[in-house]
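Student: coords below, sequence missing:
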């Protein structure tokens, strides 16, 4: 069986704010559905991420500065930086972290293999993309720092399997783990606070792929996870593992007490909300064989690789007022920008 279509957000975050030279500060809870998110920022340069679609699911790979228009409260802004999917060298390269829930189920060594990691995940990402791996049950542990080495990712995966076996029945620290990864707190790896804004890692095009049943039992809140990921400019993609999946998937997991299906059906939306609020996608496959997982990872990698980044320098210093920033195509026949508007405070 192929993957279910991705659960498209009710209100996908339309445009991610990138701050290259100074930190961003955010202080509010996730906005109600339908509202344009508002962020606070103090910047010398503003970077914006967006896609250009020729038609749904088909992306434009190359665009020139004179084919785009960036507006701040309707006033044109001079484009200082533009990076497109067609560029071989990017100053804001992709960085993807696989986050595996090893609490209610124990990951089996057959879930990921060398061909899947090398020929699907790395092959679908930009040539500069790096992939890391973390796992969480009652606590979070990160086993592979962002790397270009598929073998290192697989080694980290097998360590995560062992970690799951050692920590069975210790609970599920889901949303706090997502927040920690987004902040750059990686226990078992570098462990400390995230690097200062403006460093190479701060400028990475970061994303997290979470494999989980969505059940949290350590008091974590999805809103905190979403807000923290947005603060860190991280998109979250979720692969929801239902009880039906656990009962039918071929060897992907060894059950250690499957969750209550009714509870899963209720709580899975919380994890999907994290994807929604950060501009990612949520998937709920009926099974997770190699073909299904390949399709999901390829879709996520393509979404990440097809992002454009445009940067401009705002006029004047911080004012503390809201402004609406929009990027649009000069020639609409080129396609459309589905995620091209953001409200921010600066």
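Tutor: Yes, it's here. Computed from a predicted model, the values in this text were never measured in an experiment.
Student: ranges for the helices of the stretch 201-346 of the chain?
Tutor: Along the stretch 201-346 of the chain, counting by DSSP state H, counting those that start in this stretch, helices occupy 222-231, 243-248, 261-278, 290-305.
Student: er, the stretch 51-200 of the chain actually
Tutor: 114-115, 123-124, 150-166, 174-183.
Student: so which of those is the most surrounded?
Tutor: Greatest average neighbour count among these goes to helix 174-183 (a mean of 25), per mean count of other CB atoms under 10 Å. Heads up, the C-betas are built off the backbone N, CA and C, glycines and all.
Student: output the contacting helices and strands for it.
Tutor: strand 94-101, strand 130-136, strand 140-147, strand 205-212, helix 222-231, helix 261-278 (3 or more CB pairs under 8 Å, 6 or more residues apart in numbering; DSSP states H and E).
Student: coming back round to it: of the helices of the stretch 201-346 of the chain, which is nearest residue 166?
Tutor: helix 243-248 (20.5 Å; CB to CB).
Student: any stretches of the chain with poor pLDDT?
Tutor: When residues are selected by pLDDT under 70, those of the chain lie in 1-44, 104-110, 186-202, 242-266, 343-345.
Student: quick check: bridge partners of residue 82?
Tutor: Judged by DSSP bridges, the bridge partners of residue 82 are residue 310.
Student: er, residue 55 I mean
Tutor: Counting by DSSP bridges, residue 55 forms beta bridges with residue 58.
Student: what does the domain assignment say about the protein?
Tutor: 16-89+306-345, 94-305 (automatic domain parsing).
Student: starting at the chain centroid, how far to the last one?
Tutor: This means domain 94-305. Taking CA atoms, centre = their mean, to the nearest Å, the mean C-alpha location of domain 94-305 is offset from the chain mean by 10 Å.
Student: about what we covered before: out of the helices of the stretch 201-346 of the chain, nearest to residue 284?
Tutor: For those, the distance to residue 284 is smallest for helix 261-278, at 7.2 Å, taking CB to CB.
Student: that older thread, of the domains of the chain, which stretch is the most buried?
Tutor: domain 94-305 (a mean of 20).
Student: what residues are bridge-paired with residue 147?
Tutor: According to DSSP bridges, beta-bridge pairing links residue 147 with residue 131.
Student: of all the helices of the stretch 201-346 of the chain, which lies closest to residue 74?
Tutor: Nearest to residue 74 among the helices of the stretch 201-346 of the chain is helix 222-231 (24.7 Å), distances taken as CB to CB.
Student: specify the angle between that closest one and strand 205-212 in degrees.
Tutor: 160 degrees (axes from the mean of the first three to the mean of the last three CA atoms, to 10 degrees).
Student: tell me how far residue 335 lies from residue 70.
Tutor: Residue 335 sits 17 Å away from residue 70, going by CB to CB, to the nearest Å.
Student: got it, and residue 221?
Tutor: Residue 221 is 35 Å from residue 70, where distance means CB to CB.
Student: do residue 166 as well
Tutor: Using CB to CB, residue 166 is found at 51 Å from residue 70.
Student: ok, residue 224 next?
Tutor: Using CB to CB, residue 224 is found at 31 Å from residue 70.
Student: likewise for residue 136?
Tutor: Distance from residue 136 to residue 70, by CB to CB: 39 Å.
Student: thought residue 310 was touching residue 79?
Tutor: Yes: with contact defined as CB atoms under 8 Å, residue 310 reaches residue 79; the gap is 5.8 Å.
Student: residue 142 is nearest to which of the helices of the stretch 201-346 of the chain?
Tutor: Across the helices of the stretch 201-346 of the chain, residue 142 has its closest neighbour in helix 222-231 (16.0 Å, CB to CB).
Student: you'd agree residue 168 is up against residue 138?
Tutor: No: assessed by CB under 8 Å, residue 168 is found out of contact with residue 138, at 9.4 Å.
Student: hey, what's in contact with both of those two?
Tutor: Listed as contacting both residue 168 and residue 138 by CB atoms under 8 Å, 6 or more residues apart in numbering are residue 103.
Student: in CSV: the helices of the stretch 51-200 of the chain, plus distance to residue 303.
Tutor: As requested, those are exported to CSV (distance: least, CB to CB, whole Å):
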stretch, distance to residue 303
helix 114-115, 22
helix 123-124, 10
helix 150-166, 19
helix 174-183, 18
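Student: nearest to residue 320, of these?
Tutor: Closest of the helices of the stretch 51-200 of the chain to residue 320 is helix 174-183, at 25.0 Å (criterion: CB to CB).
Student: hmm, who's touching that closest one?
Tutor: Helix 174-183 is contacted from outside by 97, 99, 101, 134, 136, 140, 142, 186-187, 193-194, 206, 208, 210, 212, 214-216, 218, 220-222, 224-225, 228-229, 231-232, 234, 236, 270-271, 274, using CB under 8 Å, 6+ apart.
Student: right, I'll call it a day here.
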